[in-house]
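In: Predicted model and sequence below, questions to follow.
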Amino acid sequence: MYAISLGDDAELRPLEPWHAEEFLAHLDRGREFIGQYIPFGTTETDLLSARAKLQLYADKRAADTGSLHGLWLDGRLVGGVLFPNFDAANGTCEVGCWLEPAATGRGLVTRAMRVLIDWAVEQRGIHRVEWVAASGNQPSLNVARRLGLTRDGVRRAAHHYRGVRHDLEVWSVLAPEWRDAHARAAHNDH
C-alpha cells in the first residue's frame, strides 16, 4: 500500500486488521497515556479485540465513513491519526489522533494531520474539518493550534469519561482557510 514519509524516520501508513498484533503491542506500551482523555484503545486488551477495532475502521473505510492511519517511527508503530467520522456528501469530517509516550514531542501528529487534512480538502472536497478534544488535553489542543484551526467553542461537561465530566473544545478549519494558509506558507518559503 502507501507509506508517506513524515521525515525523521517516520512514516504514515495504513493501519489494517492484519496489524492487530503490532497494534496491541503498541497499545500495551501506551495504554494509560493514550487513555487519559479518550477511550480509544482502552478496551483492546487482546488480539481478538485489537483486530476487531482495526476491522471496524476497515469497514468504515470501505463505507467511506472513516479511516485509521498508523504512525511508524523507526519501523515501529507509535500512534496514529484517524477520521472517526467522514461525510463526503455533506463535506464534513472529524479528525483525531493518539500517540504512545515515547513518540511525543516530535511533531509527528502535526505532520501526519497535514497530510490527512490536505487529502480530505483537496482530494475529497471536504469543506469543514473538525477537531474535538477534552479541554484538559493540552497536547491535542496544541496540535489544533499549530495546524491553524479555529476554536469554535466549548461543549461544557459533554464527555463523561472515567467518572469525570470533561468539557470538549471544538476546533475547525474550512477549506478556503486551509488553502489560504498553504498559499501564505508557500509564499513565505520563497
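Out: Everything's here; your move.
In: residues near residue 176, how many?
Out: Residue neighbour count, defined by other Cβ atoms under 10 Å, stands at 10 for residue 176. (Each C-beta comes from the backbone N, C-alpha and C, glycine too.)
In: and the lowest-mean-pLDDT helix or strand in the chain, how far out from the chain's middle?
Out: Of all helical and strand segments in the chain, the minimum by mean pLDDT, DSSP states H and E falls on helix 175-189, at a mean of 84. Chain-centre distance of helix 175-189: 22 Å, with Cα atoms, centre = their mean, to the nearest Å.
In: list the buried ones in that helix?
Out: Neighbour-count burial for helix 175-189, with 16 or more other Cβ atoms under 10 Å as criterion, is recorded at 175, 177-178.
In: what do you get for stretch 64-83?
Out: For stretch 64-83, burial by neighbour count (16+ other Cβ under 10 Å) applies to 65-73, 77-83.
In: Run the chain-centre distance for that stretch.
Out: Its chain's C-alpha centre and that of stretch 64-83 lie 8 Å apart, by Cα atoms, centre = their mean.
In: now do stretch 150-164
Out: In terms of Cα atoms, centre = their mean, the centre of stretch 150-164 is set 18 Å apart from its chain centre.
In: Repeat that for stretch 143-154.
Out: 14 Å.
In: which residues sit against it?
Out: The contact list for stretch 143-154 (Cβ atoms under 8 Å, 6 or more residues apart in numbering) reads 97, 109-110, 113-114, 117, 129, 131, 133, 135, 167-173, 177-178, 181.
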